[in-house]
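*Asks:* Got a sequence here, can you model it:
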Amino acid sequence: MRRFAALALVLALTGCAAQTPSPSITPVDDKYCAISDSAGFNDDGLNRSVYAALQQLKVQTGASVMAIEVSDKLTVEAGIRKLVDANCNAIISAGEDLTKSALAAAKANDTIRFISVSDIVNTEDSSPNFVALTFNIYQAAFAAGYLAAADSPSEEIATLDLLKSSESKKSVRAFTAGVARFNTENRAQVKISNLGKIDQASQDVVFVLSGNGVKLVDWTKRSDAGALKLVKLIGYGRDWYTDTRNKELKPYILTSVVRVGVTDKVVAAVVDRSGSQNFDLASGQVGLVPENDLPFPRSFGAALDSIMKDFLDGKVRVS
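*Replies:* Numbers count the residues shown, from 1 in each chain. Next comes the predicted model:
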């Protein structure tokens, strides 16, 4: 429980925008660059945290910065090549889909420092100038699945994937595995539905894979008058409860699946030249936002400790 409770102390780091540091007196000649995956820097998730790190680096060090996004018109390889040609001293890539290309570019350009920020990627290869910051958000999604099942009196929950990325699909699978663990341990039969839109929600808990709940606000207005029960929401990518855009959703928010302190960790990898690190559920650097208005089931704390132990012992794997 201490690891779980400790997450409350670091929630300020889950937001994408870091505190504005004091600018350096003398600008430097370095140039720091970042490239997002196809979700773009305004995804309210990993990409946005990387962009916030880039802006913090600009203020903190006085370096110039450059940011580009992968799109239908710009491939990963072409984007990284563009940054290499722009004489960037450090190139930060965001997302699993960019990791292998960033590693290949690091091997071909040993004077540039590459920082790959992603969720768990199964690669044993590396390079001296390549730093991998991996956040195993799938472990947090697994825990969210267990929590949703434990908080489902009618044994009906759902997922709503608005991101439709490789990361979100893996998170849905991890969430489903967490539900399966709950069913096995408690001889339950909690069922999962995959929704196409929030208007279809009638389950006890819905895991919504989106950086914020803006697209869901009209649903709360429409459903309040005739709702027979409270449909609880589990957010994804940032703390939905503290996001001011989600004010009308607060009564529905059970928790959120988050990465902790991405921005500060990216800045440290560039400025302090820290090395590769893997952040998991046990370290408290990915996890679930502690309960706010809606309480968790009393048994969940002990269950979460057991889940973390099994992850550490290698008895359970998600990726």
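*Asks:* average pLDDT for the helix or strand encompassing residue 168?
*Replies:* Per DSSP states H and E: residue 168 is located in helix 166-186. What helix 166-186 shows for mean pLDDT is 96.
*Asks:* Please point out which parts of that helix sit buried.
*Replies:* For helix 166-186, burial by neighbour count (16 or more other Cβ atoms under 10 Å) applies to 167-168, 170-183. No exception for glycine: its C-beta is placed from N, CA and C like everyone else's.
*Asks:* Distance from that helix to the middle of the chain?
*Replies:* In terms of Cα atoms, centre = their mean, to the nearest Å, the centre of helix 166-186 is set 16 Å apart from its chain centre.
*Asks:* Partner strands of the next helix or strand after that helix, with direction?
*Replies:* Of the helices and strands lying after helix 166-186 in sequence (DSSP H and E), the nearest is strand 191-194. When pairs are called by DSSP bridges, strand 191-194 turns out to pair with strand 156-161 (parallel).
*Asks:* Give me the contacts around the partner strand.
*Replies:* Residues from elsewhere that reach strand 156-161, judged by Cβ atoms under 8 Å, 6 or more residues apart in numbering: 148-149, 168-169, 172, 175-176, 179, 190-198, 200-210.
*Asks:* Report the distance from the helix or strand residue 147 falls within to the chain centre.
*Replies:* Using DSSP H and E, residue 147 falls within helix 137-150. Here the centre of helix 137-150 is set off from its chain's centre by 13 Å, with Cα atoms, centre = their mean.
*Asks:* average pLDDT for it?
*Replies:* Here helix 137-150 scores 98 as its mean pLDDT.
*Asks:* coming back round to it: looking at the buried residues of helix 166-186, which is nearest residue 84?
*Replies:* Nearest to residue 84 out of the buried residues of helix 166-186 is residue 167 (Cβ to Cβ; 25.2 Å).
*Asks:* I'd say the closest one and residue 119 touch.
*Replies:* Yes - counting by Cβ atoms under 8 Å, residue 167 does reach residue 119; the two are 5.7 Å apart.
*Asks:* Which residues are in contact with each of the two?
*Replies:* Common neighbours of residue 167 and residue 119, using Cβ under 8 Å, 6+ apart, are 46, 96, 137.
*Asks:* all helices for this structure, in order.
*Replies:* Using DSSP state H, the helices assigned to the chain run over residues 2-6, 46-61, 76-85, 99-108, 137-150, 166-186, 217-223, 262-271, 300-313.
*Asks:* gap between the two ends of stretch 307-319?
*Replies:* End-to-end distance of stretch 307-319 (Cα to Cα, to the nearest Å): 15 Å.
*Asks:* next one: stretch 36-54
*Replies:* So stretch 36-54: terminal residues 12 Å apart, Cα to Cα.
*Asks:* cool, stretch 116-126 as well?
*Replies:* 11 Å.
*Asks:* residues of it that come out buried?
*Replies:* 116-121.
*Asks:* Listing request: residues of the stretch 201-319 of the chain with sub-threshold pLDDT.
*Replies:* Applying pLDDT under 70 to the stretch 201-319 of the chain picks out residues 222-229.
*Asks:* Ignore what I typed, I meant the stretch 1-150 of the chain.
*Replies:* Within the stretch 1-150 of the chain, the stretches with pLDDT under 70 are 1-28, 122-123.
*Asks:* Repeat the analysis, applying 50 as the threshold.
*Replies:* By pLDDT under 50, the weakly predicted segments of the stretch 1-150 of the chain are 1-18, 23-25.
*Asks:* For the residue lying closest to residue 214 once chain neighbours are set aside, list the residues it contacts.
*Replies:* Leaving aside its chain neighbours, residue 214 sits nearest to residue 245 (5.5 Å; criterion: Cβ to Cβ, 6 or more residues apart in numbering). Residue 245 sits next to 212-214 when contact means Cβ under 8 Å, 6+ apart.
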